[in-house]
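In: no letters, just coordinates:
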């Protein structure tokens, strides 16, 4: 049931064409036979519906959604730690799944009102981090906003990110059945998405199998603790900004968030870079 939004289509060539055209338009160096398929697989691992919309939306949609994949790779690189497995999740996908699970869409954690009001909230990402610490499984929640374009959108990104972080904290700290239910819901989301990361070969050097093999029993039985230990270091949420006004890459954690300013061209180039290449770029060079 976790795979019902994966795109299964014989019309692969249409998707390849859209991706190839986008990369050529932004002067990205790539291998058409390999990189376009990897982008398509990445979409399927995160949110298959975005892939479907690529060929039927206006010109702005591919730019936002394709650069979103670059933002996920960037966040995985900046959050990288050998002791934590970070699993990227589309909040739009969570809303779709939560509706299928019978959760109320008008109130509560998963309501459109709570997650952003009118309009799309598909730009919102949630990273679920799993860490085995002294034989106790910890789960970290870290929303990440992605923005590409001009400086005016950064303020909105900060507001959205803080709102999502506050909502998660409020609902996951509830006592009794509802709190346990939300914990179990996100445990299943983590399991499903880790399996999809592995299935679609997103970052093969990450040991995704630890999640759905070693941690499965603890996750399904709510035998884990929600941790906020990392907030002092990386803030409540992250903001990845590919700015057309950015002249140098910067990292700032001074306002209770991790703000990563990158060049707009990075939003396109990172599409065909691996997570390992990004880790090498940001951690080692």
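Out: Cool, got the structure. These figures come from a predicted structure and were not determined experimentally. Numbers count the residues shown, from 1 in each chain.
In: which helix or strand in the chain has the lowest average pLDDT?
Out: Confidence across the helices and strands of the chain bottoms out at helix 91-100, with a mean of 68, counting by mean pLDDT, DSSP states H and E.
In: so what secondary structure elements neighbour the longest helix along the chain?
Out: Using DSSP state H to define each element, the chain has its longest helix at helix 176-199. Here helix 176-199 is seen to pack against helix 35-46, strand 84-90, helix 91-100, strand 124-133, strand 136-149, helix 152-172, helix 216-220 when contacts are counted using 3 or more C-beta pairs under 8 Å, 6 or more residues apart in numbering; DSSP states H and E. C-beta: built from backbone N, CA, C; applies to glycine.
In: save these as TSV, and put in mean neighbour count and distance to residue 264 too.
Out: Supplementary listing: the helices and strands packed on helix 176-199 in TSV, determined by neighbours: other C-beta atoms under 10 Å; distance: least, C-beta to C-beta, whole Å:
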stretch	mean neighbour count	distance to residue 264
helix 35-46	21	18
strand 84-90	22	22
helix 91-100	18	24
strand 124-133	20	19
strand 136-149	22	7
helix 152-172	17	12
helix 216-220	15	38
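In: comparing the ones you listed, which yields the minimum mean pLDDT?
Out: Least confident of the helices and strands packed on helix 176-199, judged by mean pLDDT, is helix 91-100 with a mean of 68.
In: buried stuff in stretch 232-247?
Out: Within stretch 232-247, the residues scored as buried using 16 or more other C-beta atoms under 10 Å are 234-243, 246.
In: looking at the residues you listed, which are in strands?
Out: Judged by DSSP state E, strands contain the following of those: 237-243.
In: pick the one among these closest to residue 85.
Out: The shortest separation between residue 85 and any of those is 16.7 Å, and it belongs to residue 238 (by C-beta to C-beta).
In: please report how far the closest one lies from residue 174.
Out: 24 Å (C-beta to C-beta, to the nearest Å).
In: kindly report the same for residue 126.
Out: 18 Å.
In: tell me the contacts of residue 28?
Out: Contacts of residue 28 were listed using C-beta atoms under 8 Å, 6 or more residues apart in numbering, and they are 268-269, 271-272.
In: in a markdown table: the ones in strands among the buried residues of stretch 232-247, plus pLDDT and distance to residue 83.
Out: Converted to a markdown table, those look like this (pLDDT from 0 to 100; distance: C-beta to C-beta, whole Å):
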| residue | pLDDT | distance to residue 83 |
| --- | --- | --- |
| 237 | 96 | 21 |
| 238 | 96 | 19 |
| 239 | 95 | 24 |
| 240 | 94 | 23 |
| 241 | 93 | 28 |
| 242 | 92 | 29 |
| 243 | 89 | 32 |
